[in-house]
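A.B. asks: Quick one, fold the following:
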Amino acid sequence: AGVMRDWAAWTARHHDRYRLGRTAGEVLAVVDRINRAAGRSPLKVGRFRVDSRVLPMIMFNVTGGDSDEAYGRFAADVRVLGDAAKGVEVTPTPVLEQVLTGFSAPDADGAAAVQNAIFCADRAASRDPETYYRDIRAHRASEPLFGPLIRNLTPCSFWPVAPAEPPTRVRNDVPVLMVGTTGDPGAPYQGQRVTHRALTGSRLVTLRGAFRHTVYAGLFAPKNDCVDRIVNRYLVDGVMPAADTTCTEA
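C.D. replies: A predicted model of the protein is given here:
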């Protein structure tokens, strides 16, 4: 994933602190070593055991943000996992402790259940387990870490009811302002562009060089004056930019 490569480059620049490698390639090699070790036998991380099923979910936390603070927290987690992969006795970071505890906790507030109901109502999913396994194997080389996580079975594979409506076909000229990033890990930029073309009256503001899901008004992310200026004018005065616009990460 692009966000993993971006994080690796950032971490390489902070090798003196995190000791994960002086180049992005060296850092990614550590991630690969952790992945292979978890595949052989569960890693001991304090009172937890991290196997090949759990590890990708932990590593997916790299998508939580691209600020120095977020990348630093993730690098600290990877440092702990890297030591565990070498058989060193480790203590989880506070973030790892919280994440691993959450994996074994019940869905007390129902958030996951509600999210699944929404996802499974969007479109029908294959009910043949072999479909997912073939997909994972086909992308094993190109997606060794996240492929099995993203392409695996979900509750939708066994959802008891079919979606009430067919997928919506978007073909209109709604004059909406869209804001996205080229490195969005939650809504990939390719999909943003498809939606933009379908909404023929829309304008797309693209933030280049960012690897996060939110970009406006500093919401969970650094502020970007270029994006904020365009969005604020749209919200306050209803004025769309004359054409699609590209902003750059500061």
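
A.B. asks: Going by C-alpha atoms from here, please, whenever you check contacts or count neighbours.
C.D. replies: Noted.

A.B. asks: Helix, strand, or coil at residue 213?
C.D. replies: With DSSP: H, G, I helix; E, B strand; the rest coil as the basis, residue 213 sits in coil.

A.B. asks: Residue 194 should be in a helix, yeah?
C.D. replies: Yes: Residue 194 forms part of a helix when assessed by three-state DSSP.

A.B. asks: Just give me the neighbour total for it.
C.D. replies: For residue 194, the number of neighbouring residues by other C-alpha atoms under 10 Å comes to 10.

A.B. asks: Look up the pLDDT of it for me, please.
C.D. replies: Confidence at residue 194, expressed as pLDDT, is 93.

A.B. asks: Any figure for the gap between it and residue 122?
C.D. replies: 18 Å (C-alpha to C-alpha, to the nearest Å).

A.B. asks: So, low pLDDT: which residues of the protein?
C.D. replies: 220, 250 (pLDDT under 70).

A.B. asks: tell me the strands in it, going along the chain?
C.D. replies: 43-45, 48-50, 177-181, 203-208, 245-248 (DSSP state E).

A.B. asks: Other residues contacting the second one?
C.D. replies: Think strand 48-50. By C-alpha atoms under 8 Å, 6 or more residues apart in numbering, the surrounding residues in contact with strand 48-50 are 38, 42, 43, 44, 100.

A.B. asks: Same check on the first one?
C.D. replies: With contacts defined as C-alpha under 8 Å, 6+ apart, strand 43-45 is touched by 37, 49-51, 80-81, 84-85, 87, 89-92.

A.B. asks: Equivalent analysis for the fourth one, please.
C.D. replies: Under the criterion C-alpha under 8 Å, 6+ apart, residues 175-183, 196, 215, 227, 240-241, 243-249 lie in contact with strand 203-208.

A.B. asks: thinking again about what came up before, for the contacts of strand 48-50, which entry has the maximal number of neighbours?
C.D. replies: Within the contacts of strand 48-50, most neighbours by other C-alpha under 10 Å means residue 43, with 26 neighbours.

A.B. asks: is that one in a bridge, and if so with what?
C.D. replies: Beta-bridge partners for residue 43, by DSSP bridges, are residue 50.

A.B. asks: now it: how far from residue 31?
C.D. replies: 13 Å.

A.B. asks: do the same with residue 191
C.D. replies: For residue 191, the distance to residue 31 equals 28 Å [C-alpha to C-alpha].

A.B. asks: These two: which has the busier surroundings?
C.D. replies: Set residue 191 next to residue 31 and count neighbours by other C-alpha under 10 Å: residue 31 wins out with 21 against 10.

A.B. asks: From the contacts of strand 43-45, pick the one nearest residue 132.
C.D. replies: The shortest approach to residue 132 among the contacts of strand 43-45 belongs to residue 51, at 20.0 Å (C-alpha to C-alpha).

A.B. asks: I figured the closest one was touching residue 39, is that so?
C.D. replies: Yes: between residue 51 and residue 39 there is a contact under C-alpha atoms under 8 Å: 6.6 Å.

A.B. asks: Please consider this matter closed, and thank you.
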